[in-house]
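> have a look; sequence and predicted model below, questions after that.
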Amino acid sequence: MARFFVTVKQNDSGRSLDSLLAAHMTFFTPADIRLAIMDGGVYINKRRVTDPLTIVNTADEITVYYYESTAACPTVAIGDRILFEDDWMLAIDKPSGVASEMTRQGKRHTLSEFVDTHLRSRYFRAIHRLDMGTSGVILFGKKPLATRTLMIQFQKHLIRKQYLARVLGAPSPPEGTIETLLDRDPADPRKMKSSPTGKTAITRYHTIIESSSPRSALLEIDLLTGRMHQIRVHFSELGHPVLGDWLYGRADSAPRLMLHARSIRFTHPKTGQAMAIEAPIPELFKRSMPVAPDELSAPCERSLDETR
């Protein structure tokens, strides 16, 4: 995640926030800037602002957090990120900062767009999605039957996903299961929160290692349900938000959202074979914590029964 800073000069005092940023951030369209503000990525004097028409004043310090890919629109080299491919399905290692599918602005160099180019416009469908800041393995069906079969596995909770996350502080106990009901936050429709009206969300975690400077922990997480923002909400509500999470924590706590979809286990839609696909661990995760390689090398060793 990148940051852009601007200090309001006297002759810009009284302008709207979106107008000021449009004049300085010429690598964004005005629509992108308004969306970034409404999505909570802009701060004035360290306070989050979500109204594009907010009036700025002389000497206001404005900080904008954005994914570099949103501005630069990089090309994702799909061939370098294919984890598995056959006639039925495709597994990709999604980089952080690239949207899984079309955004509200339309196609903006999403992973689905690059897959479309790779498959030369033949049929494909994303089986699930990852948040833009999350990296890791994501599945695509290459035939309608494969898509239906894999989606049924998701609906029946037969697919198991494991994540790595670096969170603020150290959860206590160091391992456990979080179970809540998650629903939209009525105060902010972009967010989810625990609510009596929500749907069951179950997250199992294990602390791999803790760090004292800054105080943080690297967690291995088994996602037993797949609610929107589930991991981010659960650990934020525990007081241990994922580092780099601008929506549920602090964007400036890490260069990116420190959440990585490390592995996925499922049954092949055609052969019935048990599949376990792993995504490489990003270098930032390896550098950020002093973890021995063997502590981060076997995400699929446990049986499915142990993660239920």
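Okay, I see it.

> what's the spacing between residue 61 and residue 245?
Note on residue 61: its distance to residue 245, by CB to CB, to the nearest Å, is 22 Å. The C-beta positions use only the backbone N, C-alpha and C, and glycine is treated the same way.

> who's more crowded, the two?
Neighbour totals were compared for residue 61 and residue 245, and residue 245 leads with 27 against 12 (other CB atoms under 10 Å).

> so the more buried one touches residue 234, yeah?
No - under the criterion of CB atoms under 8 Å, residue 245 is not in contact with residue 234, lying 11.9 Å apart.

> which strand residues bridge residue 91?
Note on residue 91: beta-bridge partners by DSSP bridges are residue 84, residue 139.

> going forward, the N-terminal residue is numbered 464.
Taking 464 as the first residue, the last one we looked at is residue 554.

> what about it, how many neighbours?
Should you count by other CB under 10 Å, residue 554 turns out to have 21 residues around it.

> which ones are touching it?
For residue 554, the contacting residues are 545, 546, 547, 548, 600, 601, 602, 603, 727, 740, taking CB atoms under 8 Å, 6 or more residues apart in numbering as the criterion.

> with residue 707 instead?
With contact set as CB under 8 Å, 6+ apart, residue 707 has these partners: 464, 596, 714, 716, 717, 718, 719, 720, 721.

> if you set the cut-off to 10 Å instead, what comes out?
464, 528, 559, 596, 629, 713-722, 747 (CB atoms under 10 Å, 6 or more residues apart in numbering).

> greatest separation within these: which pair is it?
Greatest spacing in the contacts of residue 707, by CB to CB: 528 and 629 (17.6 Å).

> who's more crowded, the two?
Set side by side, residue 528 and residue 629 show more neighbours around residue 629, with 24 against 20, by other CB under 10 Å.

> any idea of the pLDDT on the more buried one?
At residue 629 the predicted local confidence, pLDDT, stands at 94.

> how close does it sit to residue 694?
Going from residue 629 to residue 694 by CB to CB gives 12 Å.

> just residue 600 next, same as before
Between residue 600 and residue 694 the distance is 15 Å, computed by CB to CB.

> same question for residue 585.
Computed as CB to CB, the residue 585 to residue 694 distance reads 33 Å.

> more neighbours: which of those two?
Each of residue 585 and residue 694 had its neighbours counted (other CB under 10 Å), and the higher figure belongs to residue 694 (26 against 9).

> so residue 658 sits right up against residue 700, yeah?
No - under the criterion of CB atoms under 10 Å, residue 658 makes no contact with residue 700, lying 11.2 Å away.

> what sits in contact with each of those two?
Shared between the contact lists of residue 658 and residue 700 (criterion: CB under 10 Å, 6+ apart) are residues 643, 645.

> point out where the stretch 464-613 of the chain drops to low pLDDT.
In the predicted model, the stretch 464-613 of the chain carries pLDDT under 70 at residues 464-465, 490, 492, 494, 529-542, 565-572, 584.

> could you redo the last one with a cut-off of 50?
532-537, 567-570 (pLDDT under 50).

> residues touching residue 553, list them.
Shown here is residue 553, whose contacts under the criterion CB under 10 Å, 6+ apart are 541, 545-547, 578, 581-582, 587, 589-590, 601-605, 609.

> mind running it again at 6 Å?
Applying CB atoms under 6 Å, 6 or more residues apart in numbering, one finds that residue 553 lies in contact with 603, 605.
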